[in-house]
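*Asks:* pasted the sequence and its predicted model underneath.
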Amino acid sequence: MISFFEANLKSISVHHTGNKLLEEYYKLSDKPLDVSDELLNNILMQFFLKPFNKSNEVYRFFHPSSNLHLNEVYELVSGIFADNEVFHQESQQLAKLLYDVANHPKIRSGEFYVALFEKVQIEGEQLDAIGIFKSETKETYLSIAPELDGFKMSYNQDAISVNRLDKGCLIFNTEKSEGYKVVVFDNNKTNAAVYWKDEFLQLSIRNDSYNQTTNFLNLFKNFVLHKIDDQFEVSQFDKSDLLNRSIKYFKEKETFDREEFSAEVIANEVAKESFTNYQINYEEEFESPIADVFEIADSAVKKATAGYKRVTKLDKNFLITITGNKELVEKGFDEDKSMNYYKLYFREEA
């Protein structure tokens, strides 16, 4: 969903925020960090963007009053998108805001980063994006350097691992009036961590037709490929047939209806119940409910179809693709050769 192939880090400001309840304070830098060094720039790109490789959900800014302009993070990033010259000034305000909402004794102090990226791609669209991050975890690193008579060892006890970023979000400069497109992660799963997404950023899951269509198709694909074997003995051709029927349903319909889909595509009561339980677990784990009825987004169907595996590999000898009626394929077992076989029925050879 997100690609950083052509992305570029344009600006970054670093501050420090403490825990207000513990009488820790914040420290603001006077100017942006110099990232002209190419190696440092590349390391920071990986540090900030790699955690989003597995992002599945798209969020939007919101405010409980329904007045989006009362969301302070939304207002501050809007100012940056409108005028990059205020980037550092607004990053300072973001650091102060985070400090003010850190009202839990277990919230840890740490470095706070605001970054401006160019050419980050989400859902096929290349956009400017603002990243907001926090690192809280410190590690000890050893450094060994050569000396005249051997080597010298030193250590840094409060170093930041480039493989561990605790919290982050990317805000994409699109759909401003709806609260932008936002992706987020938080590696701290305790109750103290809810302040990041719920109190500081104030995000709600984007629940439009594109997101609903994408989530359901990905969910059904994972169920067919990885879960259905737990209860049924299903051949690769049967799995391909299920996936083909699901795509056919989404291509032919304008509106998704769960009951209709289950009857036309799954068509097995035990499998229907199994998939329902699988969906419930998904919705609870990822806090991403999927409606029973929603408008189908053609662009999401097209993108999902490209990722469907339609080829069945038989040992190292054959690759078979079935795009139509699976009833024209017959599977058997040859006792003499102790091997499986498929028999294909067709009228003419193309």
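*Replies:* Here it is on my side, so go on. Numbering: from 1, shown residues only.
*Asks:* and the most centrally placed residue in the chain, its phi and psi?
*Replies:* What sits nearest the mean C-alpha location of the chain, by Cα atoms, centre = their mean, is Ser55, with 0.8 Å. Per-residue torsions, Ser55: phi -70, psi 130 (degrees, to the nearest 10).
*Asks:* now it: how far from Asn41?
*Replies:* Distance from Ser55 to Asn41, counting by Cβ to Cβ, to the nearest Å: 22 Å. For glycine as for every other residue, the C-beta is placed from the backbone atoms N, C-alpha and C.
*Asks:* same question for Asn211.
*Replies:* From Asn211 over to Asn41 (counting by Cβ to Cβ), the distance is 32 Å.
*Asks:* tell me which of these two has more neighbours.
*Replies:* With neighbours defined as other Cβ atoms under 10 Å, Asn211 and Asn41 compare such that Asn211 has more, 22 against 13.
*Asks:* now do the SS call for the more buried one.
*Replies:* Secondary structure assignment for Asn211 (DSSP: H, G, I helix; E, B strand; the rest coil): helix.
*Asks:* what is the neighbour count of the nearest residue to it once chain neighbours are set aside?
*Replies:* Beyond its immediate neighbours in the sequence, the residue positioned closest to Asn211 (Cβ to Cβ, 6 or more residues apart in numbering) is Val58, lying 5.8 Å away. Residue neighbour count, defined by other Cβ under 10 Å, stands at 26 for Val58.
*Asks:* got the contact list for Val58?
*Replies:* 1, 122-123, 181-183, 205-206, 211 (Cβ atoms under 8 Å, 6 or more residues apart in numbering).
*Asks:* can you list phi and psi of it for me?
*Replies:* Torsion angles, degrees, to the nearest 10, at Val58: phi -110, psi 130.
*Asks:* look up how far Tyr155 lies from it.
*Replies:* Between Val58 and Tyr155 the computed distance is 42 Å (Cβ to Cβ).
*Asks:* same question, Phe117
*Replies:* 33 Å.
*Asks:* higher neighbour count, these two?
*Replies:* Phe117 (23 against 9).
*Asks:* wasn't that one part of a helix?
*Replies:* No. Looking at Phe117 with three-state DSSP, it is strand, so not inside a helix.
*Asks:* and it, what pLDDT?
*Replies:* pLDDT for Phe117: 97.
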